[in-house]
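Asks: Any chance you could fold what I've pasted below:
(one chain, ligands or ions: 1)
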Amino acid sequence: MTEVFKGTKPAARIAGTGHSVPDKILSNADLEKIVDTSDEWITTRTGIKERRMVSRGEKTSDYCIRAARQALNDAQVDPIELDLIILATISGDLRFPATALIVQNAIGAKKATAWDVSATCSGFLFGLYQAEMAIACGRAKKALIIGSEFLTPMNDWTDRTTCVLFGDGAGAVVLNDTSDERGILSITNGTNGDQCDLLYCIGAGTAGSFNSGEPSDGEKYLRMNGNEVFKHAVRILYRTAIETVKLAGLEVADIDWLVPHQANIRIIQAVAERLNIPMEKVFLNIHKYGNTSSASVPIALNEARRDGIIKDGQVILSVVFGGGFTWGGAVVRF
Ligand code: ACO
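Replies: Predicted coordinates for the structure are as follows:
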């Protein structure tokens, strides 16, 4: 019997996933010793119990390379077959060249063109968007998309409103061209640059004192107005979810799993409630990793597939939101 699929016909499918996180665990109890906070406050206000933390001497590319190899192995794709490597990060190894090139060299993807994408927590879906477009218009057949962040080095460990939220890690997917019914059914993204002051990190950017040769300590850290970001996040994630599902030619009721950006359990619950998606259909790993920005969704996808939670043929909706603001959504049939 022929299976009948609702929705659009995909050009590209996720053929493999992988992830890599640091071994070092920073628990809420550990944070209680650093700032005036409690396990109870962090758990109830964010859903986070622990996060992974990189060690001195490690690099973003180390995690990207491990996640990439896992995804390639899962997809049974040889690195030489890759046409594209797109790496989403706001915490690359160097100011330049792009970390994607370091990965390209390490895995031996000699035929690929590689670049980095900077779109904060939405970076992975921005990379997926670019790769899907390239495959859909026939410019590529196989792409590696990675989301990877070192956020704990950007933490101001005296600011309890931010340092409890973030974690480190990397996730990757391999995207193949397809003539199958399984794949990316719709993908959306957007930005709104008038909210940059709500969530940012100056770092070695030209807006900071780095330019005058006097990098200030405070500029190294991530800054966020959490309450404001929270309100925008719920509204934008909901709107993005509705638009992305509609573009796929589906209803919210057709979604088997919501795989959202893991930023705050209360944001996720508020969005799921508005969408009328029960929490049993929401994949969560925020308790283990906190907010890993662009690594959040690919880590979640890999865990959900590896643990048999997302099954072949099921449809997932992923929605992301990040500083800037940036946002994106994808509906994918596995
Ligand atoms: N421990 C204990 N108390 C705390 C902590 C803490 N870690 N942090 C804040 N508080 C206190 C505050 O000082 C405040 O105390 P007060 O009432 O005496 O003034 C009280 O708790 C309430 O603070 P709020 O900021 O109102 O707490 P809220 O419930 O809004 O939670 C949070 C803060 C978790 C930051 C939330 O606003 C949030 O998740 N925002 C969104 C973050 C996000 O989604 N970012 C996404 C993008 S990330 C990216 O792009 C890199």
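Asks: name the element residue 18 belongs to?
Replies: strand 12-20 (DSSP states H and E).
Asks: Which strands or helices does that strand pack on?
Replies: Applying 3 or more CB pairs under 8 Å, 6 or more residues apart in numbering; DSSP states H and E, one finds that strand 12-20 makes contact with helix 60-75, helix 123-136, strand 169-177, strand 183-191, helix 296-306. From N, CA and C alone the C-beta is placed, and that goes for glycine too.
Asks: for the first one, the distance to its chain's centre please.
Replies: Here helix 60-75 is found 15 Å from its chain centre; the criterion is CA atoms, centre = their mean, to the nearest Å.
Asks: Would the helix or strand just after it count as contacting the ligand?
Replies: Scanning forward in sequence from helix 60-75 by DSSP H and E, the next helix or strand is strand 84-88. No: Strand 84-88 stays clear of the ligand (CB under 6 Å from any ligand atom), getting no nearer than 11.7 Å.
Asks: orientation of strand 84-88 relative to helix 296-306 in degrees?
Replies: Here strand 84-88 runs at an angle of 110 degrees relative to helix 296-306 (axes from the mean of the first three to the mean of the last three CA atoms, to 10 degrees).
Asks: Okay, now the sheet partners of the helix or strand hosting residue 330, with direction.
Replies: Secondary structure from DSSP H and E places residue 330 in strand 326-333. Next to strand 326-333 in the sheet, as set by DSSP bridges, lie strand 183-191 (antiparallel), strand 315-322 (antiparallel).
Asks: Now the closest residue to the ligand within the chain. Nearest residue, chain neighbours left out?
Replies: For the chain and the ligand, the shortest gap (CB to the nearest ligand atom) falls at residue 226, measuring 2.8 Å. Take residue 226 and drop its neighbours on the chain: the residue closest to it by CB to CB, 6 or more residues apart in numbering is residue 161, 5.7 Å away.
Asks: is it true that that neighbour lies in a helix?
Replies: Yes: Residue 161: assigned to a helix according to DSSP: H, G, I helix; E, B strand; the rest coil.
Asks: quick one: it from residue 238, how far?
Replies: 24 Å (CB to CB, to the nearest Å).
Asks: quick one: which of those two has more around it?
Replies: Neighbours were counted for residue 161 and for residue 238 using other CB atoms under 10 Å; residue 238 has more, 17 against 14.
Asks: mind checking which helix or strand the nearest residue to the more buried one once chain neighbours are set aside is in?
Replies: Distances taken as CB to CB, 6+ apart place residue 274 nearest to residue 238, at 4.8 Å, with adjacent residues excluded. Element membership of residue 274 [criterion: DSSP H and E] is helix 265-275.
Asks: these two touch, right, residue 305 and residue 16?
Replies: No: here residue 305 lies out of contact with residue 16, judged by CB atoms under 8 Å, at a distance of 9.1 Å.
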